[in-house]
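A.B. asks: need a structure here:
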Amino acid sequence: MKILFSPSESKNQNCTQNPINENSCIFKELFTFRMQALSKYEEYIQHSSLEDLKELFGIKNENEINKFKHDLRKAPTQSAITLYNGVSYEYLNFSSLTLESQNYILENTLIFSNLFGVVKASDTLPFYKFKQGAKLGNFNIEKFYKEHFSDALDGYLQNEEILDLRAGFYDKFYIPKKNFFTYKFIKNGKVVSHFAKAYRGILLALCANIKAKNNQEILDNLPSNLKLKEIQIKGLKEEITLEILDSI
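C.D. replies: Numbering: from 1, shown residues only. I've put the predicted structure just below:
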């Protein structure tokens, strides 16, 4: 089973590995496309106003903005799974997992970077900032990656069961062309949004701890505060609704 996962806005700066190169990421043959997207990002930064950069990075402090103008091609990197540290990653708590569980995630999780496109959890990326949905002038980076990486992803996933734990935004990067599973979470009859990030992290940790080979194993091992509420088939997507019985 392969698991599709979102990145996060916040990241760790503790990068110590070699700068990004063609061996840093999955789909080595498509590395030139990643670099084309990076070039568009660099060009935009060079020619943008302070206000545009605030929007691109999603921050208001000018001093903070300056630290994101560094050369990403020469910057040190770290594995994608440790680079991101937002809510989902906080509840995944990768460092607390056993080595075997960590290896499960490194091998089976695909993270959709807003800047670098799809990468494996074990791939290495530099510390960067790119707000979800931010625009690079007339360059549509989501469409670019969908166009150039979808065939490779289709081939990579063709013999795998797919669990899509991404936020809906990342459909713009890729939509599976075979049956796949997604989860949504409700509490007191209402769909939760912010806490959905936490529960996606919890489900990813669950997958790693039980070494899940398919979605049924997840349903058979749900935490006590999550209850299966409903399963709906929507085309190729099987959407599973879980009820949150108490707070995290």
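A.B. asks: Go through the lowest-mean-pLDDT helix or strand in the chain and flag the buried ones.
C.D. replies: Ranked by mean pLDDT, DSSP states H and E, the weakest helix or strand in the chain is helix 62-66, scoring a mean of 80. Across helix 62-66, burial judged by 16 or more other Cβ atoms under 10 Å covers Ile65. C-beta here means a position set from N, CA and C on the backbone, and glycine is covered the same way.
A.B. asks: Mind listing residues that contact that helix?
C.D. replies: For helix 62-66, contacts defined as Cβ atoms under 8 Å, 6 or more residues apart in numbering pick out 50, 53-54, 57, 59.
A.B. asks: rerun that using 6 Å as the cut-off
C.D. replies: 53, 57 (Cβ atoms under 6 Å, 6 or more residues apart in numbering).
A.B. asks: swap in stretch 227-234?
C.D. replies: 239-241, 243, 245.
A.B. asks: Tell me how confident the model is about that stretch, as a mean pLDDT.
C.D. replies: Computed over stretch 227-234, the mean pLDDT rounds to 96.
A.B. asks: so where do the strands sit in the chain?
C.D. replies: 2-5, 77-79, 109-113, 117-120, 124-126, 162-164, 180-187, 190-191, 226-234, 237-244 (DSSP state E).
A.B. asks: Include mean neighbour count when you put those strands into JSON lines, please.
C.D. replies: Output for the strands of the chain, formatted as JSON lines (neighbours: other Cβ atoms under 10 Å):
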{"stretch": "strand 2-5", "mean neighbour count": "23"}
{"stretch": "strand 77-79", "mean neighbour count": "19"}
{"stretch": "strand 109-113", "mean neighbour count": "23"}
{"stretch": "strand 117-120", "mean neighbour count": "24"}
{"stretch": "strand 124-126", "mean neighbour count": "24"}
{"stretch": "strand 162-164", "mean neighbour count": "23"}
{"stretch": "strand 180-187", "mean neighbour count": "19"}
{"stretch": "strand 190-191", "mean neighbour count": "9"}
{"stretch": "strand 226-234", "mean neighbour count": "12"}
{"stretch": "strand 237-244", "mean neighbour count": "17"}
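A.B. asks: Please name whichever of those is nearest to Met35.
C.D. replies: strand 117-120 (11.0 Å; Cβ to Cβ).
A.B. asks: Quick check: the closest residue in space to Ala208 that isn't next to it in sequence vs Asn179, distance?
C.D. replies: Of all residues not flanking Ala208 in the chain, Ser101 sits nearest, at 3.9 Å (Cβ to Cβ, 6 or more residues apart in numbering). Note on Ser101: its distance to Asn179, by Cβ to Cβ, to the nearest Å, is 26 Å.
A.B. asks: Just want to know which of those two has more residues nearby.
C.D. replies: Shown here are Ser101 and Asn179; by other Cβ atoms under 10 Å, Ser101 has more neighbours (18 against 12).
A.B. asks: still on that earlier bit, mean pLDDT for the strands of the chain: which is lowest?
C.D. replies: For these, where the average pLDDT is lowest is strand 190-191, sitting at a mean of 91.
A.B. asks: hmm, back to that, looking at the contacts of stretch 227-234, spot the one nearest Ala208.
C.D. replies: Among these, Ile240 lies closest to Ala208 (Cβ to Cβ), at 18.6 Å.
A.B. asks: Make sure the closest one is actually in contact with Tyr183.
C.D. replies: Yes - using Cβ atoms under 6 Å as the test, Ile240 is close enough to Tyr183 to be in contact (5.1 Å).
A.B. asks: which residue is nearest the middle of the chain?
C.D. replies: Taking Cα atoms, centre = their mean as the criterion, Ser6 is the residue nearest the geometric centre of the chain, at 2.4 Å.
A.B. asks: Quick check: the nearest residue to Asp52 once chain neighbours are set aside vs Phe57, distance?
C.D. replies: Setting aside the residues directly before and after it, Asp52 is nearest to Tyr44 in space (Cβ to Cβ, 6+ apart), at 7.9 Å. Distance, Tyr44 to Phe57, using Cβ to Cβ: 11 Å.
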